[in-house]
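Trainee: the sequence isn't on hand, but the structure is:
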């Protein structure tokens, strides 16, 4: 398997956008067109290995369908398989080099976790359940563990929960986080970041140490307040893009706390609901 890379993808968005665009995470600059999704969708998730990105879920029953691209080769997406529920505005996905997880969302059951083997097209399988129902959250991962911020929950606010990616089963409590929905997430192999969020838009970034359950800690600030954010990363840098009617991208160095700097612009402004992934995120080592 090739080593983790530096390409980040941003896809879809409201309303009914089907474009995929990409960046080189190491080098600041504007995004470039990559290709098109089969389905225009928003409120969906993405998981990825060093070679492949898989997009699934989102608005409408048809968005149970998953689709995939080869990250190194700009092109249109191809069919992958189906989720059992749409995970509309779920936890956006988390993955390691072999397995991708989709969790929570508006659809019942709201605490469901499903998984796929990223290298093998086919339908998703049951992984387990979250402790609490949630939506508008996000996920980060190390090579062994996925941590989900549940966003808005039907039980209360501010939960984070984790699973061991290689082992199916129910989630375990990780800690708490300041009320955080419509946020973007990105990680190195050791640290996970959650940025922006809420309907009115926040600028703060919080972080966790993925191997150590506990409450999130302040990291810094985005360049502007925003919600409906999407994030991608290599093992050094995190890039957060959109939304709240902006095409601005920000970046931070994951290992050192501090406020974000301007990265560049997306090719298209979306008001909400885009998904992001990369071939170098923390789950890939």
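Mentor: That came in fine, so what should we check first? Since this is a predicted model, take the numbers as computed values, not measurements.

Trainee: just for the stretch 151-285 of the chain, where's the confidence low?
Mentor: Residue ranges of the stretch 151-285 of the chain with pLDDT under 70: 154-156, 179, 199-200, 244.

Trainee: sticking with the residue most central in space within the chain, tell me its helix or strand.
Mentor: Nearest residue to the geometric centre of the chain (CA atoms, centre = their mean): residue 92, 4.5 Å. Secondary structure assignment for residue 92, by DSSP states H and E: no helix or strand.

Trainee: which ones are touching residue 152?
Mentor: Under the criterion of CB atoms under 8 Å, 6 or more residues apart in numbering, the neighbours of residue 152 are 134-137, 181. Yep, even glycine has a C-beta here, placed from its N, CA and C like the rest.

Trainee: for residue 272, state which of those is nearest.
Mentor: residue 136 (10.1 Å; CB to CB).

Trainee: for that closest one, what are its contacts?
Mentor: Counting by CB under 8 Å, 6+ apart, residue 136 touches 89, 151-152, 181-183, 197.

Trainee: could you tell me which of the residues you listed belong to helices?
Mentor: Assignment to helices by DSSP state H places none of the contacts of residue 136 there.

Trainee: any chance of those in CSV, plus distance to residue 124?
Mentor: Shown next, in CSV, are the contacts of residue 136 (distance: CB to CB, whole Å):
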residue, distance to residue 124
89, 17
151, 21
152, 23
181, 24
182, 24
183, 24
197, 26
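
Trainee: narrow these to those that are buried.
Mentor: Buried members of these, counted by 16 or more other CB atoms under 10 Å: 89, 151-152, 181-183, 197.

Trainee: among the residues you listed, which are in strands?
Mentor: residue 152 (DSSP state E).

Trainee: of the buried ones among the contacts of residue 136, closest to residue 122?
Mentor: Taking CB to CB as the measure, residue 122 sits nearest to residue 89 out of those, at 24.4 Å.

Trainee: per-residue confidence for the closest one?
Mentor: Note for residue 89: predicted pLDDT of 92.

Trainee: residue 283 in helix, strand or coil?
Mentor: Here residue 283 takes the helix state, with states given by DSSP: H, G, I helix; E, B strand; the rest coil.
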